[in-house]
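Undergrad: sequence-free structure coming up:
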């Protein structure tokens, strides 16, 4: 019996022969676009860049609008890139990207992990010499309330910046009983429970923005420098302008280097953070009270929602038992305090 050749249904209806072999898988938009590893590689590269930027932040130049100082001022907030990168890695389901995020995590942890711990060996005020620094804000609407809050701190020494001639009488009245010794300098003033000697202006700027004094404490003399470094501005044309501040910091550092006393406190509104390499002439020679014995970052500005610590207490020749910020006053800065052991 003769058999007839089998014809497919397609060949019968269209006249075309059926292709031999397995059919190729249907194409998708994803397979025609960027390869599957593309997004993961981009996220991994972004993680590496974030880690390098944090690790090498002191090498970022200040040439273009003082980019280095701007980045260093907000350096702790660079950690916000980590959850963003982790979320992107999860969305792409990329193991490579998730592993790469460990790099910025490790760098941020090395830089700031210790900052998150409470390093206070004593409760606030546990030392034998307590200092407070506060930019009281020349536009402060209630200097009386601010002065009373500072007096209630019980500090041995107050360093106040942005003292306006109009508000000065209010501070003098409120602080007279608890702080019988004071400097008569303009702009930056000291109030002390202990005698002040050798009070003099430190010429860091054309007008008085720093003062030096010897505080005769029961534990011996302490040299105190209170300073208000020049303000910085962020403008579209000039960028982050810090030249005057940096110059003032160098002059302040020179005065501190020449200080004959072994125990030194430098405090005030630096308009910059301890991480800002432009302020290293001052910060590298002294220990930050907040870094030594504070809890957390101790952000001070703006007072309503602090995001940076630009108010500093730096010490040499003594130990810090605790450092903290005081509650908000009528100023746009929070006061900073440190308890020292002489």
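TA: Yep, that arrived. Treat the numbers as computed from the prediction; the structure is a model and nothing was measured.
Undergrad: can we go C-alpha only for contacts and neighbour counts from here?
TA: Will do.
Undergrad: contacts for stretch 69-87?
TA: 43, 46-47, 50, 54, 57-58, 62, 97-98, 101, 104-105, 108, 112, 240, 272-273, 275-278, 307-308 (Cα atoms under 8 Å, 6 or more residues apart in numbering).
Undergrad: what's the offset of it from the middle of its chain?
TA: 11 Å (Cα atoms, centre = their mean, to the nearest Å).
Undergrad: if we can go back for a sec, narrow the contacts of stretch 69-87 to those in helices?
TA: Among those, DSSP state H puts 43, 46-47, 50, 54, 97-98, 104-105, 108, 112 in helices.
Undergrad: can I get these in TSV with pLDDT?
TA: TSV is the format used below for those (pLDDT from 0 to 100):
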residue	pLDDT
43	95
46	96
47	97
50	97
54	97
97	94
98	94
104	97
105	97
108	97
112	94
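Undergrad: quick one, strands of the stretch 1-150 of the chain?
TA: 129-135 (DSSP state E, counting those that start in this stretch).
Undergrad: tell me where the model's unsure across it.
TA: 1-37, 63-65, 122-125 (pLDDT under 70).
Undergrad: do a quick rundown of the helices in it.
TA: 9-14, 29-32, 37-55, 67-73, 81-92, 95-100, 102-112, 143-152 (DSSP state H, counting those that start in this stretch).
Undergrad: hey, which of these is tucked in deepest?
TA: helix 67-73 (a mean of 21; mean count of other Cα atoms under 10 Å).
Undergrad: please compute how far it lies from its chain's middle.
TA: The chain centroid and the centroid of helix 67-73 are separated by 10 Å, computed with Cα atoms, centre = their mean.
Undergrad: and stretch 283-296, by the same measure?
TA: 12 Å.
Undergrad: one more: stretch 45-53?
TA: Using Cα atoms, centre = their mean, the offset of stretch 45-53 from its chain centre is 20 Å.
Undergrad: swap in stretch 241-257?
TA: 19 Å.
Undergrad: rounded mean pLDDT for that stretch, please.
TA: Here stretch 241-257 scores 94 as its mean pLDDT.
Undergrad: and that stretch, what's buried?
TA: Buried residues in stretch 241-257, defined by neighbour count with 16 or more other Cα atoms under 10 Å: 241-242, 245-253, 255-256.
Undergrad: inside helices: which ones of these?
TA: 245-253, 255-256.
Undergrad: just those residues now: which is nearest residue 282?
TA: residue 253 (4.8 Å; Cα to Cα).
Undergrad: what separation do you get for the nearest residue to residue 128 once chain neighbours are set aside and residue 311?
TA: Closest residue in space to residue 128, ignoring its immediate chain neighbours: residue 341 at 5.3 Å, by Cα to Cα, 6 or more residues apart in numbering. According to Cα to Cα, to the nearest Å, residue 341 stands 21 Å off from residue 311.
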